[in-house]
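Participant: Sequence first, predicted coordinates after that:
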Amino acid sequence: MKKVFVLAALAVTVFASSSVFAHGEKAKHGGIVQESSNGVSLELVAKEGRATIYVEDHGKPVATSGAIGKLTVLNGTDKSEVPLEPAGENTLISKGDAKLASGAKVIAAITLADKKTANVRFAIK
């Protein structure tokens, strides 16, 4: 009886874990992916001082033409804000150095052309 209970509990745990991963987006560009409360996923890629955000909705690219956004970067006690501008089909890029150092916390706030918003937090490792 005890073995049956343990096996049932294990099966439920495995099932629940697999369904959690099924909905999460994976990094396609080597960055960090976070999903906003409305299902829009943002992938943050830091390269050569610039920040690039890739925008997707359930794995499909979301047009960023007409979008506006900013990154708020917290490095210890330092806080900076960096504007984002559209830079391709589903990308936004920082205007200038985003200062994404290891340990920084980043808040991305984006409003798409259709007024849909995405707000997420990233932790730079």
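Facilitator: Perfect, I can see it now.
Participant: For the chain, give me the ranges with low pLDDT.
Facilitator: The chain contains residues with pLDDT under 70 at 1-25.
Participant: By residue count, tell me the biggest strand in it.
Facilitator: Longest strand of the chain, by residue count under DSSP state E: strand 78-88.
Participant: Given that one, what are its sheet partners and their directions?
Facilitator: With DSSP bridges as the test, strand 78-88 is paired with strand 68-75 (antiparallel), strand 91-94 (antiparallel).
Participant: Residues touching the last one, excluding its own?
Facilitator: Going back to what we said before, that points to strand 91-94. 50-55, 64, 67, 69, 71, 82-87, 110 (CB atoms under 8 Å, 6 or more residues apart in numbering). Placement of C-beta: from N, CA and C, glycine included.
Participant: quick one on the thing from earlier: can the strands paired with strand 78-88 go into CSV with extra columns for mean neighbour count and distance to Val45?
Facilitator: Formatted as CSV, the strands paired with strand 78-88 follow (neighbours: other CB atoms under 10 Å; distance: least, CB to CB, whole Å):
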stretch, mean neighbour count, distance to Val45
strand 68-75, 18, 12
strand 91-94, 22, 9
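Participant: Could you point out which of those strands sits nearest Lys125?
Facilitator: For Lys125, the closest of the strands paired with strand 78-88 is strand 68-75, at 13.6 Å, according to CB to CB.
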